[in-house]
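**Q** Show me the folded form of this:
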Amino acid sequence: MSTPLSIPAETFLLLTGDTGRQKHTQFRKYVIAGAALIELALRERITMSEEKNPRITLTDPTPTGDPVLDQALTAVDERDGKKLGGTLSSRAMDLTEALGEQLAEAGVLERKKGLLGTTWPVVDHGPENAVRDRLSDALDGSGSPSQQDVVLLALIKAARAGYVVIKDDVPEMRRGEVLKRIDELSENSPHWPVTRAVTRKIDSMHAAIAAG
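**A** Residues are numbered from 1 along each chain as shown. Modelled structure (predicted):
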């Protein structure tokens with residue numbers, strides 16, 4: 001696959017097992033929704049207020065050209081001015097189907113319907129392996145991480161999967177080292193305020209559901 005993948009698409013690959021079901025987390029759809037909002041913010045389509053549960057404002061409705069991101073953009077438009085938490089959990093921000101279709105059309109996944117619903121088994125491991133190579137380089141210091149790499153690491157950490165997702169790719173690093181390195185990269189990112197708002201909300205949703 002030659003076209004660069006979006007942050008939501010790469011997040012989907014990292015949190016989906018070979019059999020096509022979500023892996024390492026029960027909150028894949030929320031993490032993917034958060035990934036889409038962060039990418040829209042980086043593309044200057046939306047802004048977020050500075051509250052703990054910020055309000056999202058649509059600043060530029062111009063389509064991105066990516067159908068998944070454009071679905072998220074439409075969802076934000078319909079909820080313009082609403083708070084982050086409600087937007088993350090809204091039905092319109094469930095991008096699973098759109099991402100599965102997009103990656104299936106690209107030959108990375110395939111659609112498989114079963115009694116328990118649709119799954120997206122992996123057909124081509126190349127794109128995910130490329131993401132893992134980038135992330136492992138970022139973590140062990142052998143490569144210079146992109147903004148997308150930093151966001152991906154922060155998102156999987158917020159999903160409580162920051163170590164289990166990547167541990168086989170950095171066997172020389174312990175759990176504490178991996179999580180500390182993710183924090184260091186995140187805090188040094190110029191776009192950390194937006195990423196922090198989203199990951200903090202995902203983390204709090206995870207905690208609330210786990211406690212309930």
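
**Q** now the helices for this structure?
**A** For the chain, helices defined by DSSP state H occupy the ranges 7-14, 28-42, 67-78, 84-88, 96-105, 126-140, 147-158, 175-187, 192-211.

**Q** I'd like these laid out as a markdown table, including distance to Val164, mean pLDDT and mean neighbour count.
**A** Glycine gets a C-beta too; all of them are placed from N, C-alpha and C. Compiled in a markdown table, the helices of the chain are given as follows (distance: least, C-beta to C-beta, whole Å; pLDDT from 0 to 100; neighbours: other C-beta atoms under 10 Å):
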| stretch | distance to Val164 | mean pLDDT | mean neighbour count |
| --- | --- | --- | --- |
| helix 7-14 | 11 | 97 | 26 |
| helix 28-42 | 14 | 96 | 26 |
| helix 67-78 | 25 | 96 | 20 |
| helix 84-88 | 22 | 93 | 20 |
| helix 96-105 | 20 | 96 | 19 |
| helix 126-140 | 13 | 97 | 18 |
| helix 147-158 | 9 | 95 | 24 |
| helix 175-187 | 9 | 96 | 15 |
| helix 192-211 | 14 | 85 | 17 |
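
**Q** Distance to Ile56 added to those, as TSV?
**A** Shown next, in TSV, are these (distance: least, C-beta to C-beta, whole Å):
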stretch	distance to Ile56
helix 7-14	16
helix 28-42	7
helix 67-78	6
helix 84-88	6
helix 96-105	19
helix 126-140	27
helix 147-158	17
helix 175-187	20
helix 192-211	10
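
**Q** Tell me which of those approaches Leu115 most closely.
**A** helix 96-105 (17.7 Å; C-beta to C-beta).

**Q** and the closest one, what does it pack onto?
**A** Helices and strands touching helix 96-105, by 3 or more C-beta pairs under 8 Å, 6 or more residues apart in numbering; DSSP states H and E, are helix 7-14, helix 28-42, helix 67-78.

**Q** Can I get those helices in CSV including distance to Leu95?
**A** Converted to CSV, the helices and strands packed on helix 96-105 look like this (distance: least, C-beta to C-beta, whole Å):
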stretch, distance to Leu95
helix 7-14, 6
helix 28-42, 5
helix 67-78, 5
